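> my questions concern the predicted model and sequence given below.
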Amino acid sequence: MAKSGEMAWLDAIEASKNGDYESALESAKDVVHIDPEHSDAWMAIANWSLPPRTRGKPSHPSLQQSARAVAAVRKVIAIDPDNTEAWVLGGWLLVDQLGMLDEALAWWESYRKHRPTDVTPLIEQISILVNLGLYEECADRLNDLTEEDMDAPSNEQAMRMDGVRRMVERAAKMEADNIFKPQNHKHPRWKVIEKMKKVKPISSTFWLVMFIAPIVFIFGTLTMSLIGDSVFGTILVFIIILAMFAFLTRVSMGMLQKRNRHALDIDRAIDMETTSGKLCIPESIRYSVVYNSMLTKRSPSLQSRLEHIIEADEKINQHWEINLPNWSSIVEDENYTDIDEDLPPLD
């Protein structure tokens, strides 16, 4: 006797509780074969296609796992567009695991169709646009964030809003005279990157320890010798040191970005390749010290996808532009229903 969809779903839940996610996944697939509109089962397939979460954070999935999860999560939002968890998971997969930034922009614009007052999609879009050097579009999205009819952000969202604003300001200032467009093989930044291809970027931690900490230490020592003879003076010195550290950290981030600009340029070029599916990084720079340094920061699934693109060896046209959503009218579902041909199907 064939199982009903509800019985198969109960089997899936039971298997997941026992930590048998392989069996749970197979049972969930049985559910959607019986009832294709079972959004909970599709959401379970999306989650169980990925490695088990560790301390609330997902482990890095493979390219096949990422593609299957995206396919399932698209089914979820087609059935239940109010499922916020599905939108967030899909955005994370498209950007961090697959590097499909144009798809991600359309994805978040589609979310705005269902939740037009939510600040989350705007924050995510700004983060993508600044990485691509599209600062005019960033400015438009930042203006939308301040509209009166937008929802009041949570504390976490407010912190992210402030973070993306500062990120846009620093990046736009750094590239004020020359925005790097990696698809243009004649862009002057490629010559700079060629000269610095053996230079690793400096991490923010190293920058804080080697640059900011000594200055704060010297300043704190001098201040302590002047006003630190009393309890009140000691407390005041402590507050001043904290303020000094915070101020120098914020101010010096622009300097760090300029020092690491060649690495940030490579990061943008990698995004351009995974988004377009075509190559723009010169052979003399690929697999260089700076390239490898930036690539190792990417997820294994994105690295795998990039290797497929490299094997295809199709060069990007220097006039290629990313396919941006139509900001004036929310993107329809058809814009995000397809997935790259090189990615495996759900089953």
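Arrived safely, thanks for sending. Here the structure is a predicted model, which means the values were calculated and not measured.

> hey, let's count contacts and neighbours off CA atoms from now on
OK.

> got the end-to-end distance for stretch 221-234?
11 Å (C-alpha to C-alpha, to the nearest Å).

> so which bits of that stretch are buried?
T223, M224, G228, G233, T234 (16 or more other C-alpha atoms under 10 Å).

> repeat for stretch 178-198
Within stretch 178-198, the residues that count as buried by 16+ other C-alpha under 10 Å are I179, F180, K181, P182, Q183, N184, H185, R189, W190, I193, M196, K197.

> so for the closest residue to the third one other than its chain neighbours, what's the pLDDT?
If I follow you right, that is K181. Distances taken as C-alpha to C-alpha, 6 or more residues apart in numbering place H187 nearest to K181, at 7.0 Å, with adjacent residues excluded. pLDDT, H187: 93.

> check T54 too.
Predicted confidence (pLDDT) for T54: 69.

> the helices in the stretch 201-347 of the chain, which residues?
Applying DSSP state H, counting those that start in this stretch to the stretch 201-347 of the chain gives helices spanning 204-207, 213-227, 231-259, 261-276, 289-295, 300-312.

> so among the buried residues of stretch 178-198, where is pLDDT lowest?
Minimum pLDDT for the buried residues of stretch 178-198 is recorded at I179 (89).

> I'd like to know how many residues surround the residue nearest to it when sequence neighbours are not counted.
Spatially, and ignoring its direct neighbours in sequence, I179 is nearest to G133 (6.5 Å; C-alpha to C-alpha, 6+ apart). For G133, the neighbour count with other C-alpha atoms under 10 Å is 19.

> now swap in N155 and tell me
The local packing of N155 (other C-alpha under 10 Å) involves 9 other residues.

> the one 4 residues further on now?
As a burial measure, the neighbour count of M159 was computed by other C-alpha under 10 Å and equals 12.

> try I34
Look at I34: counted by other C-alpha under 10 Å, it has 15 neighbours.

> could you pull up the residues touching it?
Contacts for I34 (C-alpha atoms under 8 Å, 6 or more residues apart in numbering) come out as S4, G5.

> how much space separates it from G90?
Between I34 and G90 the computed distance is 24 Å (C-alpha to C-alpha).

> relative to R141, how far out is the spatially closest residue to I281 that is not a sequence neighbour?
Distances taken as C-alpha to C-alpha, 6+ apart put A269 closest to I281, at 6.6 Å, once the chain neighbours are dropped. If you measure A269 against R141 using C-alpha to C-alpha, the figure is 23 Å.

> check which helix or strand covers M159.
Following DSSP states H and E, the helix or strand that holds M159 is helix 155-174.

> closest one to S39 among the helices of the stretch 201-347 of the chain?
Among the helices of the stretch 201-347 of the chain, the nearest to S39 by C-alpha to C-alpha is helix 300-312 (25.6 Å).

> closest one to L98 among the helices of the stretch 201-347 of the chain?
Comparing the helices of the stretch 201-347 of the chain by C-alpha to C-alpha, helix 300-312 comes nearest, at 4.9 Å.

> now the closest one against helix 261-276, angle please.
In terms of direction (axes from the mean of the first three to the mean of the last three C-alpha atoms, to 10 degrees), helix 300-312 departs from helix 261-276 by 80 degrees.

> and helix 300-312, how far out from the chain's middle?
Its chain's average C-alpha position is 17 Å from that of helix 300-312, according to C-alpha atoms, centre = their mean, to the nearest Å.

> which residues touch that helix?
Outside helix 300-312, the residues that reach it (C-alpha under 8 Å, 6+ apart) are 60-64, 66, 96-99, 273-274, 277-279, 295, 342.

> which ChimeraX command selects the buried ones in these?
Selecting only the buried entries of these in ChimeraX, with 16+ other C-alpha under 10 Å as the criterion:
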select :60,61,62,63,64,66,96,97,98,99,273,274,277,278,279,295
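
> the stretch 1-150 of the chain: helices as residue ranges?
Listed in chain order, the helices of the stretch 1-150 of the chain (DSSP H, counting those that start in this stretch) span residues 5-17, 21-34, 39-48, 63-79, 84-92, 101-114, 120-131, 135-145.

> could these be laid out in a markdown table, adding mean pLDDT?
Compiled in a markdown table, the helices of the stretch 1-150 of the chain are given as follows (pLDDT from 0 to 100):
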| stretch | mean pLDDT |
| --- | --- |
| helix 5-17 | 88 |
| helix 21-34 | 93 |
| helix 39-48 | 95 |
| helix 63-79 | 95 |
| helix 84-92 | 95 |
| helix 101-114 | 94 |
| helix 120-131 | 93 |
| helix 135-145 | 88 |
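
> ok, which of the ones you listed comes nearest T205?
Proximity to T205 (C-alpha to C-alpha) singles out helix 120-131 among these, at 21.1 Å.

> quick one, the closest one and helix 261-276 angle?
Helix 120-131 and helix 261-276 meet at an angle of 120 degrees, taking the same axes, to 10 degrees as the criterion.
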